[in-house]
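1. sequence and predicted structure are below.
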Amino acid sequence: MSFLLKWLRPQTSARIRLRPHRTVEVAAGFDEAYDRVLDAMRVRLGANVSVDDRAGRFIEAGFGLVNSERLRASFELPEAARTIVRLEAVFAANVVIPERSAALDALADAIEAGVTP
């Protein structure tokens, strides 16, 4: 049993956190949901979109001081008129990961409200 505890390293596990993330359901088809997220990232957040992969259903954008925070959006299509958007904040390796991301929350709120920037 001690080998297992040594392998799991419980002394470091408390410092490991999940990245801030949210899931948003959009009552629209994929193209409309994708455009809504892309516009919100560019206009509302002023982000620099680095990956705009409609075919792969994935968007990644950076902003802040030298793109210090990045937002990733991936899309699932459970039905033709419903899209699930998974949002995740990503930070540089040497940054302490916060529990929440104001940019991620602003993006998710804009998508949920159906606000077109």
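-> Good, I have the coordinates.
2. list the helices and strands the helix ranked longest in the chain packs on?
-> The longest helix of the chain (DSSP state H) is helix 102-113. Judged by 3 or more CB pairs under 8 Å, 6 or more residues apart in numbering; DSSP states H and E, the packing partners of helix 102-113 are strand 21-26, helix 30-39, strand 69-79, strand 82-91. Glycine gets a C-beta too; all of them are placed from N, C-alpha and C.
3. mind putting these into TSV with mean neighbour count and distance to Phe58?
-> Shown next, in TSV, are the helices and strands packed on helix 102-113 (neighbours: other CB atoms under 10 Å; distance: least, CB to CB, whole Å):
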stretch	mean neighbour count	distance to Phe58
strand 21-26	16	15
helix 30-39	18	10
strand 69-79	17	5
strand 82-91	19	10
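4. and those: which comes nearest Ile111?
-> strand 21-26 (4.8 Å; CB to CB).
5. the longest helix of the chain: which residues count as buried?
-> Within helix 102-113, the residues that count as buried by 16 or more other CB atoms under 10 Å are 103-104, 107-108, 110-111.
6. which of those sits closest to Ala27?
-> Using CB to CB, Ile111 is the member of the buried residues of helix 102-113 that sits closest to Ala27, with 11.1 Å.
7. nearest residue to the closest one in space, please, no chain neighbours.
-> Val24 (4.8 Å; CB to CB, 6 or more residues apart in numbering).
8. I'd guessed that neighbour sits against Ala113; true?
-> No - if you go by CB atoms under 8 Å, Val24 and Ala113 don't touch, sitting 10.1 Å apart.
9. how about low-confidence regions in this structure?
-> Residues of the chain meeting the criterion pLDDT under 70: 1-17, 65-67, 115-117.
10. and with 90 instead?
-> Applying pLDDT under 90 to the chain flags residues 1-19, 44-45, 63-69, 90-100, 112-117.
11. could you say which helix or strand holds Gly56?
-> In this structure, Gly56 sits in neither a helix nor a strand according to DSSP states H and E.
12. distance of it from Phe75?
-> 9 Å (CB to CB, to the nearest Å).
13. pretty sure Ala27 contacts Arg82?
-> Yes - in this structure, Ala27 is within contact of Arg82 by CB under 8 Å, at 6.1 Å.
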